[in-house]
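Visitor: Okay, predicted coordinates and the sequence, questions at the end:
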Amino acid sequence: MSNPYQQPADPNYPAAQGFPQYAPPRAKKRKWPMIVIGVVAFLAVISAFSDKDDTKQDAKPSSALAAQAPAHQDTSTARLNTPVRDGKFEFVVKTVQPGLAEVGDNPYLRQKAQGQFVIVTLSVQNIGDRAQGFSPSNQKLIDTQGRSFETDASAQIALGDSDIPVWDNINPGNAVDVSLVYDMPAAAVPARIELHDSMFSGGVTVELTP
């Protein structure tokens, strides 16, 4: 017979119950985060392969065009009486006169060479649409040893046979005749002249030797 004064057993206390105790069921893990990650990874792989295919397709026409493009051909070397262009100027080198000991008809302006004077005559035409300054000092004479020489301004003034002995503007469409004078060693042989539209232009080369 049960005791009416006995307190009821505590359900949270295992020893108070005569029934076996079971562990509470574990919460089920949600699977949707893993599914989402898998889908994102799959889409990334598909996108990567698509980009590679597009790159290959874009590269094929470029390769085909490159194959069809003609190879670069070297232009023939410019020589005397051949028009050449640099920037806004067209040059035609006409004559080369080496071996001069002095230049100038005026005895007060006559100049003597340290070695030899070499005179290069040429025409310069402005092919641009505005005036362009021409400076003889920008034109470089190179000998057979690869040495570069600058013009002698005093000798050019003494020579007096040049439309622009030092510097001047050439209007568009106009052409001038210029005599460039270089003081070179007596044994030096002029090989080519490098002509420039300006101090910073790329320049064009004219061969002076046969």
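Guide: Yep, that arrived.
Visitor: alpha carbons only for contacts and neighbour counts from here, please
Guide: Will do.
Visitor: Please name the bridge partners of Val204.
Guide: Leu195 (DSSP bridges).
Visitor: Touching, it and Arg192? I think so.
Guide: No. Assessed by Cα atoms under 8 Å, Val204 is found out of contact with Arg192, at 10.3 Å.
Visitor: These two - which one has more neighbours?
Guide: Arg192 (20 against 17; other Cα atoms under 10 Å).
Visitor: how close does that one get to Val120?
Guide: In this structure, Arg192 and Val120 are 10 Å apart, going by Cα to Cα, to the nearest Å.
Visitor: which residues make contact with the helix or strand hosting Val96 from outside it?
Guide: Taking DSSP states H and E as the definition, one finds Val96 inside strand 89-103. By Cα atoms under 8 Å, 6 or more residues apart in numbering, the residues outside strand 89-103 that reach it are 79-85, 110-113, 115-128, 155, 158-159, 186, 190, 195, 197, 206, 208.
Visitor: Can you name the element that comes right after the helix or strand of the chain at the bottom of the mean pLDDT ranking?
Guide: Lowest by mean pLDDT, DSSP states H and E among the helices and strands of the chain is helix 32-68, with a mean of 49. Using DSSP H and E, the next helix or strand after helix 32-68 towards the C-terminus is strand 84-86.
Visitor: Poorly predicted segments of the chain, please.
Guide: 1-76 (pLDDT under 70).
Visitor: rerun at 50
Guide: For the chain, the stretches flagged by pLDDT under 50 are 13, 15-16, 19, 32, 36, 50-75.
Visitor: ok, now how distant is Leu122 from Leu109?
Guide: Leu122 is 23 Å from Leu109, by Cα to Cα.
Visitor: neighbour count winner among the two?
Guide: Leu122 (19 against 15).
Visitor: Tell me the helices and strands packed up against the one helix or strand that one maps to.
Guide: Under the criterion of DSSP H and E, Leu122 resides in strand 111-126. Using 3 or more Cα pairs under 8 Å, 6 or more residues apart in numbering; DSSP states H and E, the elements in contact with strand 111-126 are strand 89-103, helix 153-159, strand 175-184.
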